[in-house]
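Q: Build me a model from this:
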Amino acid sequence: MTTRRAVGTLILLGALIAGAWFLLSRPRDSTPGHAGTTTTVRALVGTMRSDPPTFNRFVSSTFQTHLVSFLTQAPLVRINPVKQELEPWLADRWTRSDDGLRYRLHLREGVTFSDGHPFTADDVVFSFRAAYDAATKSPLGDSIRVGQSPLTVTAAGPSEVDIAFPRPSGPGLRLLDAIPIYPKHLLEASLDAGRFRDAWATTTPPAQMAGLGPFVLESYQPGERLVFVRNRHYWRTDDSGQPLPRLDRLTLEVVPSQDAELLRLRAGQVDMIQSEVRAEDYQPVKADADLGRLKLTEVGTALDTYWLWLNLVPDAHDQRPWLRTEAFRHAISRAIDRQQFIQTVYLGAAVPGWGPVSPANRNWYETAVAVPAYDPAQARALLAGLGLRDRNGDGLLDDDKGQTVRFNVLVARGLTAGEKGVAVLKESLAKIGVGVDVSAVDLGALQTRFGTGDYDAIYNRFEATDTDPAGNMDLWLSSGGFHVWNPGQSQPATDWERQIDELMARQASTLDITERRHLFSQAQQLLAAHEPLIVFAFPRVFVAVGARVGSVLPSVQRPQLLWSPDTLSVTAVH
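A: The predicted model follows:
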C-alpha cells in the first residue's frame, strides 16, 4: 500500500508541476487588436491518439480521418447521435414519392465552401460519383447501396437534387449521413484521372483543400498536432441567429498514450480528450469534478466496443488451418469468463456482449442470442475435436504436425482497455493450452497490417456509424470493405455469409420496420452461431471536459464531443 500511495503522489505532483508550467507558458486566448487592445480568441485544445492516414474520408474508415471530416466537412442530412433522429443539414427540406423510391432534396441557398466557391447540386452529384467509382474503391460506397445497387443521383437544378433508390429502402435518407459533400471544382480532375485515392493526402497543403464544415485545417505537424480555425464561410447559425462555430480555433494534439492524455486533462493542458474516461480513471476525475476543475458526465452504455477477429482470408494460414475453423473461434469465446473480464478490464463498469450490436441499441439488439457461457471444459473439447492435444507435455497443445498451437494478436499500443483485454485473453487461453503472442503496435501500423492482411488476429475497437444496421452494410455484407475477417469478397466464402448477405439486402430494402427487425434478428443469430467476431463486453461511457468548455452535448458514440463541433464554446471559469 505504501508503494501505491507513493506512486500516486508522484503522478499527482507531476500533473501539478506540468499544469503550473503550462499555465505560465501557454499563449493567452487573445490576439493583438488596434490601438493596443486585444481581441479574445475562443480556443480549445483536444487530443487524438494517432495521426490520420489521409484527410480524404472517401478512402479511409479510420477514426482519425472520420474526425477530421466531422470538423471540416458536412453531409446532406445528419443523424443526431444523441437523439438518433435524422436532421436537415446541407439539404434543408425534401419530398418523397408515394412508392418511397424517389426523393427531391432542396439545398440551402447561399452556402459556399470554405474557399468561397458556391456549393451547388453539381458537388452532390460529384461526391456520389466519387463514392461509387471503381478505381477509388471507397468504403463509403457500400454504405449508400440498397442490396448491391447504387443510388441514382442527378441535379434537378443548381439547388435541387433528385435521388432514386433502386428499390424501397428502410433507412431511406439516413444512408446519406455517411457521405460528406466534397468540392467538385477542386477534385474533379483527380477523379477523372483515376487518382482520387491519392487526393487530399496528409502531405496536401491545407490551402488546397476546402469543405462545408465549421472549421478548416490551418496546419498539420505529423506526430504533434492539427490546428483548425473557424470557417469564415460556414453556413450555420445558432437559435439566436449568431453565426457558428462558436470557437475561433481548435487544436488536436497527437497523444498516443491514454495515461499522458489524462495527465494533460487534469493539469489543464487540454480541454478534452479523444474519447471516454477509462474505468480506472473515474475516481480521480470524479474528485477533480467535485472540486470544479473538470466536468464529468455519465452518458450510458457504449454502442461500440473492442472486437477480436481472426484472419479468415483463404490461404492466410496454410500452415495452421485450425486458425480458420469455427470450432477454434468457439473455443476462444467459451474460454473467457466475461464477468471476470468486466471486473479486470472495466472495474465492473460494463455489460457482457457477444457481437457487434450493443445492448444499448434497443431498437436492433437481438435479445434471443445468449451471451456465450464461460465453459473451459467445452473449449478444450472443441480443440480436441480439431485434433489438437498436448503431445510433448509442455502445457500447450500441438497439431498433428507437431506445431504448437499459438497465434499472434495485434493491439493498438497505449490504449488501456485494448491492452488489458488482450492480456486477459492471453491468460485465459493459456489455461486451455493455447498460446497467444501479443504485438502492441501504433494504431497506424495496426491499420496498415489489417489493410494488407498481414496478421493472425486483431483486437481493436471501431465506431458504429449508425444504430440502424443498414448504415453498417460494409461490415455485414461479404463484399464490404469493412467485413473485417475476410473483406471485399467477390463471392461469399461461406454459406452462412451468403445467408447474411441475403437477409441484410432484404432488411435494407423493406419499409416495414417489423419485418426489418425480424430479418436483422436472423442475421444476428447467424453471426452468433459462427462467431467471426468475438465480443466480451460493452463499457459504460463517462465523458470529462475542462471546466471552461461550454455547450457540451455528449454522445455515447465517438466522437463523444466533437460530433457537434460548431456548438462547443468557451466559458468563463470563476
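Q: Could you check which helix or strand contains Gly444?
A: Using DSSP states H and E, Gly444 falls within helix 443-452.
Q: now for that helix, which elements pack on it?
A: With contacts taken as 3 or more Cβ pairs under 8 Å, 6 or more residues apart in numbering; DSSP states H and E, helix 443-452 sits against strand 406-412, strand 457-461. Where you see a C-beta, it was placed from the backbone N, CA and C, and this is true even at glycine.
Q: got the buried residues for the longest one?
A: Going back to what we said before, that points to strand 406-412. 406-407, 409-412 (16 or more other Cβ atoms under 10 Å).
Q: Same list (these) but as a markdown table, adding pLDDT.
A: Shown next, in a markdown table, are the buried residues of strand 406-412 (pLDDT from 0 to 100):
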| residue | pLDDT |
| --- | --- |
| Arg406 | 97 |
| Phe407 | 97 |
| Val409 | 98 |
| Leu410 | 98 |
| Val411 | 97 |
| Ala412 | 94 |
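Q: who touches Asp304 in this structure?
A: Applying Cβ atoms under 8 Å, 6 or more residues apart in numbering, we find Asp304 in contact with 356, 358, 461-464, 538, 557-558.
Q: and it, what pLDDT?
A: On pLDDT, Asp304 comes in at 90.
Q: Now do the SS call for it.
A: Put simply, Asp304 is coil when judged by DSSP: H, G, I helix; E, B strand; the rest coil.
Q: and the helices and strands packed on helix 443-452 as TSV, adding distance to Phe520?
A: Output for the helices and strands packed on helix 443-452, formatted as TSV (distance: least, Cβ to Cβ, whole Å):
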stretch	distance to Phe520
strand 406-412	30
strand 457-461	22
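Q: Now Ser521. Nearest residue, chain neighbours left out?
A: Excluding the flanking residues, the one nearest Ser521 by Cβ to Cβ, 6 or more residues apart in numbering is Glu366, at 5.2 Å.
Q: Actually, Trp307.
A: Nearest one to Trp307, counting by Cβ to Cβ, 6+ apart, is Leu533 at 4.8 Å.
Q: Thought Val484 was touching the one you found, still the case?
A: Yes: in this structure, Leu533 is within contact of Val484 by Cβ atoms under 8 Å, at 7.3 Å.
Q: Check the contact lists of those two and give me the overlap.
A: 307, 309.
Q: from memory Gln522 sits against Leu503, does it?
A: Yes: if you go by Cβ under 8 Å, Gln522 and Leu503 touch, sitting 5.3 Å apart.
Q: of these two, who's got more company?
A: Leu503 (21 against 17; other Cβ atoms under 10 Å).
Q: Among the buried residues of strand 406-412, give me the pair with the biggest separation.
A: Arg406 and Ala412 (21.2 Å; Cβ to Cβ).
Q: For Lys286, list the residues it contacts.
A: Listed by Cβ under 8 Å, 6+ apart, the contact set of Lys286 reads Leu296.
Q: Do you know the pLDDT at it?
A: Note for Lys286: predicted pLDDT of 95.
Q: Would you mark the buried spots in the helix or strand containing it?
A: Assessed by DSSP H and E, Lys286 sits inside helix 282-290. By neighbour count on 16+ other Cβ under 10 Å, the buried set for helix 282-290 is 282, 284-285, 288-289.
Q: ok, back up a step: among the helices and strands packed on helix 443-452, which is nearest Val82?
A: strand 457-461 (20.5 Å).
Q: Give me the secondary structure label for Thr297.
A: Secondary structure, three-state DSSP: Thr297 is strand.
Q: Read off the pLDDT value for it.
A: Per-residue confidence (pLDDT) for Thr297: 95.
Q: So this protein: which segments form each domain?
A: Here the domain parsing of the chain from automatic domain parsing is 21-52+202-301+541-570, 57-65+72-197, 306-538.
Q: Can you tell me the closest non-neighbouring residue to Asp437?
A: Nearest non-adjacent residue to Asp437 (Cβ to Cβ, 6+ apart): Asn408, at 4.5 Å.
Q: just to revisit the earlier point, identify the residues contacting the residue nearest to Trp307.
A: Leu533 makes contacts with 307-309, 355-356, 484-485, 527, as judged by Cβ under 8 Å, 6+ apart.
Q: ditto for Tyr346
A: 279, 417, 537, 539-540.
Q: still on that earlier bit, could you identify the most distant pair in the buried residues of helix 282-290?
A: Using Cβ to Cβ, the buried residues of helix 282-290 span at most 10.9 Å, a distance reached by Tyr282 and Asp288.
Q: So Leu86 lies in a helix, does it not?
A: No: read with three-state DSSP, Leu86 is strand and lies in no helix.
Q: how deep is it tucked in, by neighbour count?
A: For Leu86, the neighbour count with other Cβ under 10 Å is 17.
Q: let's number from 141 now, not from 1
A: Got it, the first residue is 141 from now on, which makes the last one we talked about Leu226.
Q: bridging residues for it?
A: Beta-bridge partners of Leu226, counted by DSSP bridges, are Ile219.
Q: Pipe the buried residues of helix 422-430 into a markdown table and attach distance to Asp608 per row.
A: Below are those laid out as a markdown table (distance: Cβ to Cβ, whole Å):
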| residue | distance to Asp608 |
| --- | --- |
| Tyr422 | 31 |
| Pro424 | 37 |
| Val425 | 33 |
| Asp428 | 37 |
| Ala429 | 34 |
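Q: nearest to Thr650, of those residues?
A: The closest of the buried residues of helix 422-430, once distances to Thr650 are taken by Cβ to Cβ, is Tyr422, at 42.9 Å.
Q: Distance check, the closest one against Pro258.
A: 49 Å (Cβ to Cβ, to the nearest Å).
Q: ok, Met412 touching Arg688?
A: No: the pair Met412 / Arg688 is not scored as a contact, 10.6 Å apart, by Cβ under 8 Å.
Q: More neighbours: those two, which one.
A: Comparing Met412 with Arg688 by other Cβ under 10 Å, the one with more neighbours is Met412, at 24 against 15.
Q: ok, then the element right after whichever helix or strand Ser330 is part of?
A: Taking DSSP H and E as the criterion, Ser330 maps to helix 324-332. Where DSSP H and E defines the elements, the next helix or strand beyond helix 324-332 is strand 355-361.
Q: what comes up buried for that following strand?
A: 355-357, 360.
Q: Quick one: list the elements packing against the next helix or strand after that strand.
A: Where DSSP H and E defines the elements, the next helix or strand beyond strand 355-361 is strand 365-370. Packed against strand 365-370 by the contact rule (3+ Cβ pairs under 8 Å, 6+ apart) you find helix 203-212, strand 355-361, strand 389-394.
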